[in-house]
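Participant: Sequence first, predicted coordinates after that:
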Amino acid sequence: MGEAPAASNYLYYFILMIIAYPMGVVLCGCLFYEKRHQDIAATYYGLLGLVLAGYFLYKHMQTDVVYGKEAIEIYHAKQAQEAAWQQSKEERRLKRSQEETSTP
């Protein structure tokens, strides 16, 4: 099909963030000596992580729709073709039955 995989770059960024987030929390604890500053830095870092995680997941879900669009169009085209074939088959059957009833 030549279609890109459903895993977008945003999903890769989200996974990278999940892996790197705990290291960043430890880094916040190492960079600041006072407990109050550590707590403030960890709070802001946590909020930033939450916002970024939400953004990456939202953008990933939007790109998923685009990547699946081609497959859905192929499915609908096959369904329309099948419906047309069934309709023509039914028309041929009706025509045959009308010819049989009209012949003496």
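Facilitator: Arrived safely.
Participant: tell me the helices in the chain, going along the chain?
Facilitator: Under the criterion DSSP state H, helices of the chain are mapped to 9-31, 35-102.
Participant: Save the ones you listed as a markdown table, and put in mean pLDDT too.
Facilitator: Listed next are the helices of the chain as a markdown table, based on pLDDT from 0 to 100:
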| stretch | mean pLDDT |
| --- | --- |
| helix 9-31 | 90 |
| helix 35-102 | 84 |
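Participant: Mean neighbour count, those helices: which tops it?
Facilitator: helix 9-31 (a mean of 13; mean count of other CB atoms under 10 Å). (C-beta placed from N, C-alpha, C; glycine too.)
Participant: neighbouring contacts of it?
Facilitator: For helix 9-31, contacts defined as CB atoms under 8 Å, 6 or more residues apart in numbering pick out 38, 41-42, 45-46, 49, 52-53, 56-57, 59-60, 63.
Participant: Compile these into a markdown table and extend it with columns for distance to Glu100.
Facilitator: Below are the contacts of helix 9-31 laid out as a markdown table (distance: CB to CB, whole Å):
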| residue | distance to Glu100 |
| --- | --- |
| Gln38 | 90 |
| Ala41 | 87 |
| Ala42 | 84 |
| Tyr45 | 81 |
| Gly46 | 79 |
| Gly49 | 75 |
| Leu52 | 72 |
| Ala53 | 69 |
| Phe56 | 66 |
| Leu57 | 63 |
| Lys59 | 62 |
| His60 | 60 |
| Thr63 | 57 |
